[in-house]
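**Q** For reference, the sequence and a predicted model appear below.
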Amino acid sequence: MQNNTVEEGKTMAIISYLWWIGFIIAFISNNSKKNAFTSFHIRQSVGLLLLNFVTGFAYKFGFGLLGFLLLAATFVLWGIALIGAFNGEEKEVPVLGDKFQDWFKAIS
């Protein structure tokens with residue numbers, strides 16, 4: 001990816017990881033001026049947000065320790081993705097990152 005594209009999209013890529021409101025802001029901003037780097041991170045972000053919702057639901061409704069471990073793993077994946085955005089890398093999160101890119105390819 002061109003360095004110019006990364007620098008232009010880096011701020012919105014980082015913002016996309018700031019919970020639902022950050023995702024919405026980045027999504028709307030990226031719709032007005034498309035940036036491939038930002039789009040990549042928006043897809044990773046929506047996948048992590050949905051994963052967080054599912055694992056939080058599992059934790060709250062009876063999976064106890066397993067649910068907690070899944071939430072902790074989701075937090076670690078979020079950290080990896082956020083660090084990648086800060087570093088200007090299109091680094092997929094381990095295990096599910098390639099699936100997020102495929103499942104949410106219609107986003108941005």
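**A** That came in fine, so what should we check first?

**Q** for the protein, which spans come out with low pLDDT?
**A** 1-4, 108 (pLDDT under 70).

**Q** out of everything not next to it in sequence, what's closest to the residue sitting nearest the centre point of it?
**A** For the chain, the residue nearest the mean C-alpha position is S45 (1.7 Å; CA atoms, centre = their mean). Residue nearest to S45 in three dimensions, not counting chain neighbours: S16, with 4.2 Å by CB to CB, 6 or more residues apart in numbering. (C-beta placed from N, C-alpha, C; glycine too.)

**Q** got it, and F86?
**A** Nearest one to F86, counting by CB to CB, 6+ apart, is I14 at 6.3 Å.

**Q** Against L77, how distant is the residue nearest to the centre of the chain?
**A** With distances taken as CB to CB, to the nearest Å, S45 is found 11 Å from L77.

**Q** buried set for the helix or strand V6 falls within?
**A** According to DSSP states H and E, V6 maps onto helix 3-15. Of the residues in helix 3-15, V6, G9, K10, M12, A13, I14, I15 count as buried by neighbour count, 16 or more other CB atoms under 10 Å.
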